[in-house]
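> Show me the folded form of this:
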Amino acid sequence: MTDVALSFTAPETVERREIDVGSPDADEFRVSTRASAISAGTELLVYRDQTPADVPVDKTLDALDGEFSYPLRYGYAASGVVDAVGERVDSDWL
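Next up is the predicted model:
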């Protein structure tokens, strides 16, 4: 499935970029984002290119490669609807 993601591409610059979104793994679910914002915390720092060097990168985020560098997909201030579940996830999530 192809979708669109917001990418920080330079200081104070964002772009919508197409990405491939696969099916969720057995113990995961997929969320289709309906609304998003740039949080007043780390996301705003990334947008402004003011991320302190000592802020650790969350290594569980596939979009990050070990550092906050452009271009990157980074965000957590979002809400949406579960549109797919893995085989071990309760279908009530749908």
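
> Tell me where this structure has strands.
For the chain, applying DSSP state E gives strands covering 2-10, 13-20, 29-36, 78-85.

> Now render those as a markdown table, adding mean neighbour count and mean pLDDT.
The way it works is simple: take the backbone N, C-alpha and C, and place the C-beta from them, glycine included. Shown next, in a markdown table, are these (neighbours: other CB atoms under 10 Å; pLDDT from 0 to 100):
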| stretch | mean neighbour count | mean pLDDT |
| --- | --- | --- |
| strand 2-10 | 14 | 89 |
| strand 13-20 | 11 | 92 |
| strand 29-36 | 13 | 91 |
| strand 78-85 | 14 | 94 |
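
> residue contacts, residue 11?
Counting by CB atoms under 8 Å, 6 or more residues apart in numbering, residue 11 makes contact with 47, 48, 49, 70.

> Verify the stated contact: the second one with residue 12.
Yes. Residue 48 lies in contact with residue 12 (CB atoms under 8 Å); the separation is 6.5 Å.

> before we move on, back to that, including pLDDT, distance to residue 80 and neighbour count, could the contacts of residue 11 go into a markdown table?
Below are the contacts of residue 11 laid out as a markdown table (pLDDT from 0 to 100; distance: CB to CB, whole Å; neighbours: other CB atoms under 10 Å):
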| residue | pLDDT | distance to residue 80 | neighbour count |
| --- | --- | --- | --- |
| 47 | 90 | 21 | 18 |
| 48 | 93 | 25 | 11 |
| 49 | 91 | 27 | 13 |
| 70 | 86 | 25 | 12 |
